[in-house]
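[1] Sequence plus the predicted model coming up.
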Protein chains: 2
Amino acid sequence: MKENPLNSLMNPRSIATVGAGNNPTKMGTIQALSIVKDGYRGKFYPIHPSEQTVLGHKAYPSVFELPETPDLAIFIVPTDQVIGLMEDFGKIGTRRAVVITAGFRETGSAGQELEEQLKECARRYGIRFLGPNCIGLLNSAISLNVTVMPLEGPPGLLGMASQSGTYVTQTLPYLKKRGIRFSKAISLGNEADIDINDALAYLGEDEQTKAIALYIEGLKDPARFLQIAREITPRKPVIAQYVGGTAAGARAGSSHTGAMAGPDHLYDGLFQQAGIIRVYSVEDLYGLGWALATQPHLKGKRIGVITNSGGPGTAISDTCNAGGLEVPIFSKRLQEQIRPHIPPHGARANPVDLTFFLDIQAISVTIPELVIQSGEVDGIVLHGAMGTGFMNQIYTHAGEMFGVPRDEFLESFREDTTAAMELPKKSGVPFLVSSFFDESDDFTTAYREHGIPVYDAPEKAARAMVALWKYRQIRERRLETAPALPPAAGEAAALIAEAVKRGVPFLDEFASKKVLAAYGIPIGAEELAHTAEEAVETAGRLGYPVVLKGCSEEFAHKTGRGLIYLNLPDGAAVRRSFKAIREAAEKEIPVLVARMVRGERELVAGAIRQPGFGPCVMFGLGGIFTEALRDTVFRLAPLSRLDALEMLEGIRAKELLGEFRGMPAVDREALAGILQKSGNLLLLHPEIREIDLNPIIIEGSRPVVVDALITF
Amino acid sequence: MKENPLNSLMNPRSIATVGAGNNPTKMGTIQALSIVKDGYRGKFYPIHPSEQTVLGHKAYPSVFELPETPDLAIFIVPTDQVIGLMEDFGKIGTRRAVVITAGFRETGSAGQELEEQLKECARRYGIRFLGPNCIGLLNSAISLNVTVMPLEGPPGLLGMASQSGTYVTQTLPYLKKRGIRFSKAISLGNEADIDINDALAYLGEDEQTKAIALYIEGLKDPARFLQIAREITPRKPVIAQYVGGTAAGARAGSSHTGAMAGPDHLYDGLFQQAGIIRVYSVEDLYGLGWALATQPHLKGKRIGVITNSGGPGTAISDTCNAGGLEVPIFSKRLQEQIRPHIPPHGARANPVDLTFFLDIQAISVTIPELVIQSGEVDGIVLHGAMGTGFMNQIYTHAGEMFGVPRDEFLESFREDTTAAMELPKKSGVPFLVSSFFDESDDFTTAYREHGIPVYDAPEKAARAMVALWKYRQIRERRLETAPALPPAAGEAAALIAEAVKRGVPFLDEFASKKVLAAYGIPIGAEELAHTAEEAVETAGRLGYPVVLKGCSEEFAHKTGRGLIYLNLPDGAAVRRSFKAIREAAEKEIPVLVARMVRGERELVAGAIRQPGFGPCVMFGLGGIFTEALRDTVFRLAPLSRLDALEMLEGIRAKELLGEFRGMPAVDREALAGILQKSGNLLLLHPEIREIDLNPIIIEGSRPVVVDALITF
């Protein structure tokens, strides 16, 4: 495997900056301050045309006067200086750079041109770089901060790769308040060289990083992304927000970093295939990501809910249950153990509701411990462990009655949090907290310092538990590599080549199905007839009832044009229908005679080449409901057998595939085979733009492709 | 209309409390402190057995020694004292009470008994009361606070009625931090007397309340709730969280306040019918509720997005677009006007992205003003108006370079926010802000003080705008009252009475359809036959092809039992099928001969009596997909014509109802009529438990009920 360029870029022994001076209102200086102030212990070389020192460090007038070759160069300079500087650093042997400067691809064609030149220059010197148009990076393991805001607190566990610089810098104070700490964070900018795939692979290997959060506006190479993510997700959780799936999101992203976005349903499928948990807000990206980074694995779905208030307890239970978790009724024995620790009107069946009862030891230690030790739950959500935050409110009204200053008052209520903080650690089960009291509360703060997530709403704690449950399923799922592509089928290649040569936009139904059949996709028995007699003769051979369809490249869609006759019982009907088709077509087109395939369940499958995305396979509910219900799933080709089987489970109507209303279960392996082969077809035949198998009728348990169209 | 008991309860001129003393760690005292400390100007009479004064107010040893009859009595006493006290206050003429005390219905049957006694006692004296098991109330207009936490800041605009006390008290500091202020807030507790319907009606009439938030664990009287809500929602937004829709949520809620919860899909339908915006977290209840309370109406769907960062701008655009809003490309003219105010590499097409550019006037005044004045948008979402919060971060690193103390430094960057705060007010369009900087930032604080919501995540601001858009649609929808019930049809009543008398569990298909037909629900032509010859004769009269079905009260479900023969072309087939049905049934059951109704579109409708909910009407996608897709909507009966038409728009597959694949549009009026009549049937005939019309086949454009079952 090739060395990941981020290994060295994230761990430089020496850094040179260009664009930092001594004016603390300038971005370059602000960024350099982060390097010199936050504890980085490597060498720091500011390059400055006139200053003797910059931020207390000796400054150098040019790249060529540096005392050594820095491991990393950082550019925060006007756009037109970037390439010259890259050249200079190349000459002295620097091989890693971060280009903060904007004004490249995101600004249009002139900027794109400039970005190409920048890439070319870097390539010439073997320089690997982040950006341009990025905000830098963080490596908390070596206290390296190249962003514009201070990095405070101890090293973290959540790795972040972001196509928005804001999410690794403007949000640092936001994260600090919430006790969420990055291991590493990487702002990707325009991804002219190092891209999100490199960042994902890097974070996947980084031992400090326990979960990975991705903010995505668009992927340049979804296939590689998929490959890397699938290698990581069985052993480390990955969570992602994608914002390019709507017209407005795609346009906004493109003006931001020039990212190429794709339809939401393709990214949905990609994330599922990759085992990535998708979220729809940056708050969840961080908040659920933090639970995934800090908590042990959730081993089962039984959640214990402990609360000092019925509303939050009910909301947590409801949200857990709606997300697939259970809130089981506790055994009589456990309820009896809990009873002495709660008021008589409290609830103890799960949720345990202490009601408005200010025994912080009971809610934070005694009861959770009893519940965990019972073995009746796999995880805990706790609401209402509140200390000084609550007492601070009480003081506002009652202060004078206590006759002591606020600080002294609060100090007197400060409890020993040791036992409460040790409990989650020794319990080995996920422990998530919700509190309406913020960092001014001693329990909120203590939990956060001990890596226990505290959410500011009960539903968020519950949703974080649901995310742990999702990850449990991802971890458990079996994965296999897609098999090697089969050789291209000669007959199929010939049919395609011939059609392409003639310049027709698609293969007719008969030819389309011949191509499918050449790869083993099951189609019904059918033959072309050119006369009514031939049709009758064929029908007799195939067995009644039969279907007649006009078959010509001129008619991509036959419905509603008098070109299809179903369920014909005998020769007379075949003769009549043959004539009617010829009349409707107004020419002597061939007529397809096919055995009538019968089944109530209609599905649809296909494969499509999405620009910038590569061949994708589609599966869904078919028949007349296809358009109205849009119950479809997508995956990137090639598919492994397990990928294809997972697709079957992805539609809302998946119940149809089992034993259903007296019908046998669908042959899932056969159906999965159709999906795999559809994807392979696009990979083997680059001329094909789209394959549409609609409907696939389930005859008994067996899927049969009844109509098909191959488009170029 | 009867006077709402909350009118006087929320506005007492005098209050007596029982259970408050001078020990500030007791709940009663804490609650009384809120009354005496937060500015309430009415009389306050503590009742205390031994103390001379309580919280500086003269105390009275018993109810009977009070100097006047208090308007409101508040009980925070042990459970066994409540009824006696209610009696005492009844005797002196007090007519409103708040029972904070818990230990009633929520604890089981003994508590339920006690609650009945309490109600009886109150009824005897004409006392209307809140609780028991509640936390009290807030009326910010008169600075009345009967909760356990301080109420700070000026009066608010959001009215709250909550089945959890926490959400009107524990969250007060949470809300203060977020700039969200209640007009009135009511903790409902067990709703032994005053219930959520009274609270909703009260808040609907309250002029100070501009939007209403409801936290619901279960409704006792959904029909009255619906009626009240429908009267309010066309003129005032109502937003609700419901947490009783899962098994775990229902159980938790029941142990909390004894609430009777119902399935989620019924509440979903109820909220839609009522014009209530549903949310799934208390954060959204408050946060989106605050936007609805403070912002002018959103008149169209065009949103302008202004940001100092590409990521949040893209996420806002994506979230708006996914929620049905548009982020239109600005005109060339507007873009040219914006150009001089942003850096050259910024974006100006919408989103306007100033990039990392610290011109607070440009982002908070100049650009929003240009965008609003252009008339090209109907609302604004702004991210990144940050002042001292950002500079505070900068100071952490650069402080010593500036050589001034932090406060002085921040003060020097404090901008005049006047123009920025006036802009939203004078613009007349909704203006929502997102910022990662909290109340320590001067702009965040100023916006909040001026009633402009500031969200701590870009997606939340966008979702709040989507809520405004939802409300716009609710405001615009036409509503009508359900027509008066028709008289019960004699024939239907007779059939039902006869079956009930015989004690059968349901009507057979033929009789079921006779009942439907008596109310004008369209069924296909059909007759019962008792011999094969009779069947052939009937078929000839109805016209081939026909359907034969065994018809007996013994067979509620006929599928898969050899009791149905479809599409019979002639007399021979009828004769064969008749014989086969008799053989399958193993007895001489009557056989239904029906014209074969043809159509590809199958729908389902019905009506069901849900315990505690009243008759509900169901509509959905039918045929074999009914169970697999569960594409259904529900409403409470009786339905108006417009209610029924709205139901048709509520299914995912609604596209099927229009012109679809060469089929004509469904006759919506006829379909709506079926739904109305199904609901009426349950209201007219209390014996009926359930009506199931499945399938309804669309023949051409006309819906025909093809199978039906009426269950008792």
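    The structure has been received and is ready for your questions. The shown structure was predicted, so the numbers you read here are calculated from the model rather than taken from an experiment. Numbers count the residues shown, from 1 in each chain, chains lettered A, B, ... in the order given.
[2] For the closest residue to chain B within the stretch 51-200 of chain A, give me its contacts.
    Closest to chain B within the stretch 51-200 of chain A is A:Ser164: 2.4 Å, counting by C-beta to the nearest C-beta. Where C-beta positions appear, they are placed from N, C-alpha and C, glycine not excepted. By C-beta atoms under 8 Å, 6 or more residues apart in numbering or on different chains, the contact list for A:Ser164 reads A:187, A:215, A:217, A:256-257, B:309-312, B:314.
[3] Show me which positions of the biggest helix by length in chain A end up buried.
    Counting residues, the longest helix found in chain A (DSSP state H) is helix A:458-476. The neighbour-count check on helix A:458-476 (16 or more other C-beta atoms under 10 Å in any protein chain shown) flags A:458-472, A:474 as buried.
[4] Could you list every helix and strand in contact with whatever helix or strand comes next after it?
    Using DSSP states H and E, the helix or strand that directly follows helix A:458-476 along the chain is helix A:490-502. Under the contact criterion of 3 or more C-beta pairs under 8 Å, 6 or more residues apart in numbering or on different chains; DSSP states H and E, helix A:490-502 touches strand A:506-507, helix A:509-518.
[5] The same query, at a cut-off of 6 Å, please.
    Counting contacts by 3 or more C-beta pairs under 6 Å, 6 or more residues apart in numbering or on different chains; DSSP states H and E, helix A:490-502 packs against helix A:509-518.
[6] Which residue is the nearest non-sequential neighbour of whichever residue of the stretch 201-350 of chain A sits closest to chain B?
    Nearest residue of the stretch 201-350 of chain A to chain B: A:Gly311, at 2.3 Å (C-beta to the nearest C-beta). In space, and not counting its chain neighbours, A:Gly311 is closest to B:Ser164: 2.3 Å by C-beta to C-beta, 6 or more residues apart in numbering or on different chains.
[7] cool, A:Ala59 as well?
    A:His48 (4.1 Å).
[8] In terms of pLDDT, where does the nearest residue to A:Asp318 once chain neighbours are set aside sit?
    Spatial nearest neighbour of A:Asp318, chain neighbours left out: B:Gly249 (2.9 Å); criterion: C-beta to C-beta, 6+ apart. pLDDT for B:Gly249: 91.
[9] do you know how far B:Gly249 is from B:Ala259?
    Note on B:Gly249: its distance to B:Ala259, by C-beta to C-beta, to the nearest Å, is 10 Å.
[10] what sits up against the helix or strand bottoming out on mean pLDDT in chain A?
    Every helix and strand in chain A was compared by mean pLDDT, DSSP states H and E; the lowest is helix A:625-629, with a mean of 79. Helix A:625-629 is contacted from outside by A:604, A:621, B:653, B:655-656, using C-beta atoms under 6 Å, 6 or more residues apart in numbering or on different chains.
[11] Can you go through those and name the buried ones?
    A:604, A:621, B:653, B:656.
[12] Name the nearest of those residues relative to A:Thr209.
    Comparing those against A:Thr209 with C-beta to C-beta places A:Leu621 closest, at 39.8 Å.
[13] Please name the nearest non-neighbouring residue to the closest one.
    A:Asp631 (4.2 Å).
[14] related to what we said a few turns ago, near chain B, from the buried residues of helix A:458-476?
    Restricting the buried residues of helix A:458-476 to those adjacent to chain B (criterion: C-beta under 6 Å from any C-beta of the partner chain) gives A:Glu459.
[15] Going by distance to chain B, which of the buried residues of helix A:458-476 wins?
    A:Glu459 (3.9 Å).
[16] gap between stretch A:8-22 and the chain center?
    Taking C-alpha atoms, centre = their mean, to the nearest Å, one finds stretch A:8-22 lying 32 Å from the centre of the chain it belongs to.
[17] wait, does that stretch contact chain B?
    No. For a cut-off given as C-beta under 6 Å from any C-beta, stretch A:8-22 has no contacts with chain B; the smallest distance is 7.2 Å.
[18] can you list contacts of that stretch?
    A:28-29, A:32, A:42-48, A:51, A:54, A:70-77, A:85, A:96, A:139.
[19] any idea where the helices of the stretch 51-200 of chain A begin and end?
    Along the stretch 51-200 of chain A, counting by DSSP state H, counting those that start in this stretch, helices occupy A:82-92, A:109-125, A:172-177, A:196-205.
[20] Pipe those into TSV and attach mean neighbour count, mean pLDDT and distance to chain B per row.
    Shown next, in TSV, are the helices of the stretch 51-200 of chain A (neighbours: other C-beta atoms under 10 Å in any protein chain shown; pLDDT from 0 to 100; distance: least, C-beta to the nearest C-beta, whole Å):
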stretch	mean neighbour count	mean pLDDT	distance to chain B
helix A:82-92	19	98	13
helix A:109-125	16	96	8
helix A:172-177	21	95	4
helix A:196-205	23	98	14
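[21] Spell out which residues of the stretch 501-650 of chain A are next to chain B.
    Of all the residues in the stretch 501-650 of chain A, those lying near chain B are A:560, A:600, A:624, A:628-629, going by C-beta under 6 Å from any C-beta.
[22] so where's the stretch 501-650 of chain A shaky on pLDDT?
    A:556, A:558-560 (pLDDT under 70).
[23] rerun at 80
    A:554-561, A:623-627 (pLDDT under 80).
[24] what does the stretch 351-500 of chain A put close to chain B?
    Counting by C-beta under 6 Å from any C-beta, the stretch 351-500 of chain A sits next to chain B at A:351, A:393, A:396-398, A:401, A:436, A:457, A:459.
[25] Would you mind checking these for buried ones?
    Applying 16+ other C-beta under 10 Å to these flags A:351, A:393, A:396-398, A:401, A:436, A:457, A:459 as buried.
[26] quick one: which of the residues you listed sit in strands?
    Using DSSP state E, no member of those sits in strands.
[27] Out of the residues you listed, which two sit at the greatest distance?
    A:Met401 and A:Glu459 (36.3 Å).
[28] circling back to that earlier point, who wins on neighbours among the contacts of A:Ser164?
    Within the contacts of A:Ser164, most neighbours by other C-beta atoms under 10 Å in any protein chain shown means B:Thr314, with 35 neighbours.
[29] Report the secondary structure state of that residue.
    Assigned by DSSP: H, G, I helix; E, B strand; the rest coil, the conformation of B:Thr314 is helix.
[30] Just give the closest residue to it, not the sequence neighbours.
    Closest to B:Thr314 by C-beta to C-beta, 6+ apart is A:Ala252, at 4.0 Å.
[31] what's the answer for A:Ser143, then?
    A:Gly39 (3.2 Å).
[32] count of neighbours near the one you found?
    Count around A:Gly39 with other C-beta under 10 Å applied: 12.
[33] from what I can see it touches A:Ile142, true?
    No. Counting by C-beta atoms under 6 Å, A:Gly39 does not reach A:Ile142; the two are 8.3 Å apart.
[34] near chain B, anything from stretch A:662-678?
    Yes. Judged by C-beta under 6 Å from any C-beta, stretch A:662-678 and chain B are in contact via A:Gly662.
[35] Would you map out the domains in chain A?
    A:5-292, A:296-476, A:525-595, A:601-711 (automatic domain parsing).
[36] Check the average confidence over the second one, would you?
    Domain A:296-476 shows a mean pLDDT of 94 in the predicted model.
[37] Report the separation between the two terminal residues of that domain.
    15 Å (C-alpha to C-alpha, to the nearest Å).
[38] So what's the gap between that domain and the chain middle?
    Using C-alpha atoms, centre = their mean, the offset of domain A:296-476 from its chain centre is 30 Å.
[39] what does the third one give?
    The chain centre lies 48 Å from the centre of domain A:525-595; the measure is C-alpha atoms, centre = their mean.
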